[in-house]
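J.: could you work out the structure for the sequence below:
(chains A and B)
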Amino acid sequence: MDTVSTGDTEKLLRVKELYINFYTYEGVVKAIDGVSFDIHPNETFALVGETGCGKSVTARAILRLIPTPPGKIEGGEILFNGVDLLKIPEKEMLEYRGKKISMIFQEPMTSLNPVFTVGDQLVETIALNQKVSKEEAYNIALKMLERVRIPDAENAMTKYPHEFSGGQRQRIVIAMALSCNPSLLIADEPTTALDVTVQAQIINLMNELQKNMGTSILLITHDLGVVAEMSDRVAVMYAGNIVELGTTSVIFEKRYHPYTQGLFNAIPVFGKGKQTRLEEIPGSVPNLLYPPPGCRFHPRCPHVMDICRKEKPELIELEPGHYVRCHLYR
Amino acid sequence: MSDVTYTAEAGDEILRVENLKKYFPILGGFFKRPVAYVRAVDDVSLSIRKKETFGLVGESGCGKTTLGRTVGRLIEPDSGRIIFKGMDITHISQKEFRGIRRHIQFVFQDPFASLNPRMTIKDIVGEPLVIHTNQSDSEIEDTVLELLEVVGLKKEHLYRYPHEFSGGQRQRINIARALALRPDFIVLDEPTSALDVSVQAQILNLLKDLQSEFNLTYLFISHDLSVVEYMSDTIGVMYLGKLVEVGEAESVIAETLHPYTKALFESIPIPDPKFRGKGAAIHGDVPSPINPPSGCRFHPRCPHTMDICRTEEPALKGDSSHLVACHLY
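T.: Predicted coordinates for the structure are as follows:
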């Protein structure tokens, strides 16, 4: 078992040995292959990786949003405050979805209904989830909009989503997600659709709200810059596995796993100039219909050994709280 | 009107754009008459030297893509001049332009949309040769094979279809097609924005290698400042249809002048947690290009706004290696 533990008392969410397959016409896509991590109260935890690594699937599994079929959770536990979310009936899930755990997505327009005003949508969500009257819900909604710094909040309540810019829409979605004081906010690429100047504003806002409201954030992103700006701890994912997990500062400084190293060396860093050549990771991400045997990174790894082709490496604790899945560190 | 153009040394220049404008009409009413205009490119002048990479950066809606397409006459300009290799190509007929077009090629952002799904790789990469040359089928096949090798693809890919390739490979196919006619000038419009970082590095390095091998000039359009810095010799920054700062890459990055450029640079999240928490550099969103703000278009978001900024539009000024359009200077 390679569960990641750091003392049982202070865990908000524990994902243990999660396996998810997708049954398609072409075959079985082994999307999540034994993923385990914890999220503590009051922290921002990032899942970072490239397209198809399973970061979004993992996040959606927590809210049981994986469409079944084709998806199927084959094994594992998702413990939220000690309750296994995979075992409770669908009806009880409503107590978690949008209340104790809420989620925001990359494209804010897809989570807002274009034919209702922002106020209607906020009031409905709040009235439904907190069981308060419409008037109370209106006041809470107004306060939330002010909190995410929508100018002239009262007027904004009467407007439709298309009347706002992308950045403001994301603020509104954040207001909606946080209106019920969730203990966990899942943010799936929250700034990817935004321009850099607006992205910086949203990152600031989320960091500030996280601090003030004490909500934990599960941040899903492919952008190492956003990770560095927001998260306390990071898990690097590759082809359905967590390959490295630790505090943001240690991951960014040490980079034990060859994939983590490759990822960092492949990004151009602003201010470094034109001269140094970027390092490439040869090849491309494997097709998870036929994942490579052993370590899934071995066909692209510069340090590949015989054992890597045969045996899947375990997560090894290299430093306290820092885990790596690689045969180099056995 | 901008008085000064960013000028390259004489004879060195491959492309020159003078006071280029492109307004897109918004049609409305019963007769579908224009009721307003989107000022996508509004009086932009620039000059690109042979064998350099000119990086054009800006946020969405700033007009960088329209500018890139107008340069290759994929979009017809409303006014201004485009001079390619000393020849004014702004108003020549499409028939005459055909001879020029082979020297100006494009690579677009979305490698899934830019390849015909019903054509084989051989037909896709060979199509420009069929149109512009008299090569026989076997000659074309040889040329295509050569091109595939140049961009890092293999012989067995020749008769496959686009859906059989990954995003990075498709972008290689796009590059092979762009190279088929041995162009001098390639407009790269966000060529790596749809790709993962590990693949992005492969494509950026490939583009650099090809540039030195074939003496290519690039107009590199991107919203990603780190990528633009990695690729470019010259950087131009656009905001709401205007070129606000342009100059040698090192100078623009090390001695940034325009408040917008500064804000843009400061907003980039740095992949190092030690630099966390520098805060947002500017507030608000980019205004609509339909009714851009009066005077300097950046003034509503600018931390240094003066009275003159609200009324008078600043012109590009400075020495030829670094120009800025701002009343502060």
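J.: all helices of the stretch 151-300 of chain B, in order?
T.: Assigned by DSSP state H, counting those that start in this stretch, the stretch 151-300 of chain B shows helices spanning B:167-179, B:197-214, B:225-231, B:249-254, B:259-267.
J.: same check on chain A?
T.: The residue ranges that make up the helices of chain A, judged by DSSP state H, are A:55-62, A:90-93, A:108-111, A:118-130, A:134-147, A:153-156, A:166-178, A:196-213, A:224-230, A:248-254, A:258-266, A:306-310.
J.: check contacts around the closest residue to residue B:189 other than its chain neighbours.
T.: Nearest residue to residue B:189 in three dimensions, chain neighbours excluded: residue B:221, at 4.7 Å (C-beta to C-beta, 6 or more residues apart in numbering or on different chains). Quick note: C-beta positions are derived from backbone N, CA and C, even for glycine. Taking C-beta atoms under 8 Å, 6 or more residues apart in numbering or on different chains as the contact definition, residue B:221 lies against B:55, B:56, B:57, B:64, B:65, B:67, B:68, B:187, B:188, B:189, B:190.
J.: help me confirm that the fourth one comes into contact with residue B:57.
T.: What that stands for is residue B:64. Yes. Here residue B:64 reaches residue B:57: they are 7.1 Å apart, a contact under C-beta atoms under 8 Å.
J.: overlap of the contact sets of the two?
T.: Both residue B:64 and residue B:57 are in contact with B:221, B:223, B:238, where contact means C-beta under 8 Å, 6+ apart.
J.: any idea which of those residues is least confident?
T.: The member of these with the lowest model confidence is residue B:223, at 90 (criterion: pLDDT).
J.: how many other residues sit next to it?
T.: Burial measure for residue B:223: 18 neighbouring residues, criterion other C-beta atoms under 10 Å in any protein chain shown.
J.: hang on, isn't it packed against residue B:58?
T.: Yes. Look at residue B:223 against residue B:58 with C-beta under 8 Å: they come within range, at 7.0 Å.
J.: shared neighbours, those two?
T.: Looking at what touches both residue B:223 and residue B:58 (by C-beta under 8 Å, 6+ apart), the common residues are residue B:64.
J.: which residues of the stretch 51-200 of chain A lie near chain B?
T.: Counting by C-beta under 8 Å from any C-beta of the partner chain, the residues of the stretch 51-200 of chain A lying close to chain B are A:51, A:165, A:166, A:167, A:168, A:195, A:196, A:197, A:198, A:199, A:200.
J.: how close does the fifth one get to residue B:239?
T.: Relative to residue B:239, residue A:168 is positioned 19 Å away (criterion: C-beta to C-beta, to the nearest Å).
J.: next up, the contacts around the residue lying closest to residue A:18 once chain neighbours are set aside.
T.: Using C-beta to C-beta, 6+ apart and skipping the chain neighbours, the partner closest in space to residue A:18 is residue A:76 (3.6 Å). By C-beta under 8 Å, 6+ apart, the contact set of residue A:76 is A:15, A:16, A:17, A:18, A:19, A:34, A:35, A:36, A:86.
J.: just the ones in strands from these, please.
T.: Cross-referencing the contacts of residue A:76 against strands under DSSP state E gives A:15, A:16, A:17, A:18, A:19, A:34, A:35, A:36.
J.: now render the residues you listed as TSV, adding pLDDT and neighbour count.
T.: Shown next, in TSV, are the ones in strands among the contacts of residue A:76 (pLDDT from 0 to 100; neighbours: other C-beta atoms under 10 Å in any protein chain shown):
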residue	pLDDT	neighbour count
A:15	94	25
A:16	92	20
A:17	93	14
A:18	94	24
A:19	95	16
A:34	91	19
A:35	93	24
A:36	93	21
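J.: which stretches of the chain have low pLDDT?
T.: You didn't pick a chain, so chain A it is. Counting by pLDDT under 70, chain A contains low-confidence ranges at A:1-9, A:273-275.
J.: actually, chain B is the one I wanted.
T.: Scanning chain B residue by residue, the ranges that satisfy pLDDT under 70 are B:1-11, B:277-279.
J.: geometric centre of it: which residue is closest?
T.: Of all residues in chain B, the one closest to the mean position by C-alpha atoms, centre = their mean is residue B:221, 3.1 Å from it.
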